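>>> Quick one: sequence and predicted model below, then my questions.
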Amino acid sequence: MSRIIKLPEPDTKGTMPLEKAIAQRRSCRDYLAEALTQEEMGQLCWAAQGKAPSTSSGQAGRFRTVPSAGATYPLEVFVALGEGLFHYLPNEHYLEELTAEDIRGKIAAAAWGQEFIAEAAATFIMAAEFERTTGRYGQRGIRYVFMEAGHAAQNIHLEAEAMGLGSVAVGAFNDTAVSKVLKLPTNLEPVYMVVAGRYKR
Ligand SMILES: Cc1cc2nc3c(=O)[nH]c(=O)nc-3n(C[C@H](O)[C@H](O)[C@H](O)COP(=O)(O)O)c2cc1C
């Protein structure tokens with residue numbers, strides 16, 4: 001059986017005003033080689049794709065922290081940490097280990113040698129099953145998937161900022177190489193990455 005990391009329940013109150021996080025966010029490419037806490041991982045995963053705790057629509061449990069065209073939810077979030085590669089499961093709010101190998105260096109190589117990926121604590125890889133969205137919206141669904149990845153990425157950036165962590169978007173990577181490094185099943189394609197970790201001050 002694969003290893004599971006049960007993440008702490010997300011803090012939905014926070015301490016930093018949203019406007020301050022928006023105003024302060026800046027891309028960070030200089031990280032300390034220091035792991036994030038489970039609380040920090042829990043917040044970032046939740047921001048990326050977690051369940052919305054309650055909704056006014058009376059359908060609590062169905063929706064997530066990020067909008068999705070037709071609530072088709074095409075994204076799967078993977079996280080590369082020093083202790084291995086994990087898949088985030090929004091319903092359970094836990095990380096399932098796929099390998100205990102530290103593949104951050106391989107992801108850096110697949111991203112044209114962007115070495116900060118190998119140093120930062122966490123890289124969030126958003127992979128999509130396009131069919132979930134194109135099945136409903138046809139070709140237009142393709143752009144919806146990319147738009148959604150942008151929503152998820154911005155949530156990670158702002159949550160990182162609110163916790164005093166650095167982050168940067170990474171769109172420059174070789175799709176085939178990333179798929180190979182993550183051993184993604186053929187129904188999933190990597191669409192976007194966000195690197196997060198502690199700033200080097
Ligand atoms: C779609 C997209 C792809 C990006 N890809 C990369 C990347 O591969 N590597 C990188 O270092 N920064 C990447 N960035 C970050 C931009 O370089 C950065 O946002 C921009 O320079 C503005 O700086 P700021 O984020 O500090 O406001 C990307 C940003 C976006 C929106």
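Received, thanks.
>>> Now Val195: which helix or strand?
Using DSSP states H and E, Val195 falls within strand 189-197.
>>> Pick out the residue closest to the middle of the chain.
In the chain, the C-alpha closest to the average C-alpha coordinate belongs to Phe124, at a distance of 3.8 Å (C-alpha atoms, centre = their mean).
>>> count of neighbours near the residue nearest to it when sequence neighbours are not counted?
Spatially, and ignoring its direct neighbours in sequence, Phe124 is nearest to Val194 (4.6 Å; C-beta to C-beta, 6 or more residues apart in numbering). Heads up, the C-betas are built off the backbone N, CA and C, glycines and all. Counted with other C-beta atoms under 10 Å, the neighbours of Val194 add up to 26.
>>> quick one on the thing from earlier: does the strand holding Val195 come close to the ligand?
No: shown here: strand 189-197 not in contact with the ligand (C-beta under 6 Å from any ligand atom), separated by at least 7.0 Å.
>>> Going along the chain, name the helices of the protein.
18-24, 38-49, 104-110, 116-119, 130-137, 140-162, 175-182 (DSSP state H).
>>> Need those in JSON lines (columns: distance to Arg201).
Below are the helices of the chain laid out as JSON lines (distance: least, C-beta to C-beta, whole Å):
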{"stretch": "helix 18-24", "distance to Arg201": "15"}
{"stretch": "helix 38-49", "distance to Arg201": "17"}
{"stretch": "helix 104-110", "distance to Arg201": "21"}
{"stretch": "helix 116-119", "distance to Arg201": "15"}
{"stretch": "helix 130-137", "distance to Arg201": "41"}
{"stretch": "helix 140-162", "distance to Arg201": "15"}
{"stretch": "helix 175-182", "distance to Arg201": "30"}
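>>> For Ser2, which of these is the nearest?
Within these, the stretch nearest Ser2 is helix 175-182; the backing value is 14.9 Å (C-beta to C-beta).
>>> my guess is the residue nearest to the centre of the chain meets Val77, correct?
Yes: with contact defined as C-beta atoms under 8 Å, Phe124 counts as touching Val77 (6.0 Å).
>>> Give me the nearest residue to the residue in the chain positioned nearest to the ligand, chain neighbours excluded.
Residue nearest to the ligand within the chain: Gly171 (2.9 Å; C-beta to the nearest ligand atom). Excluding the flanking residues, the one nearest Gly171 by C-beta to C-beta, 6+ apart is Tyr192, at 6.1 Å.
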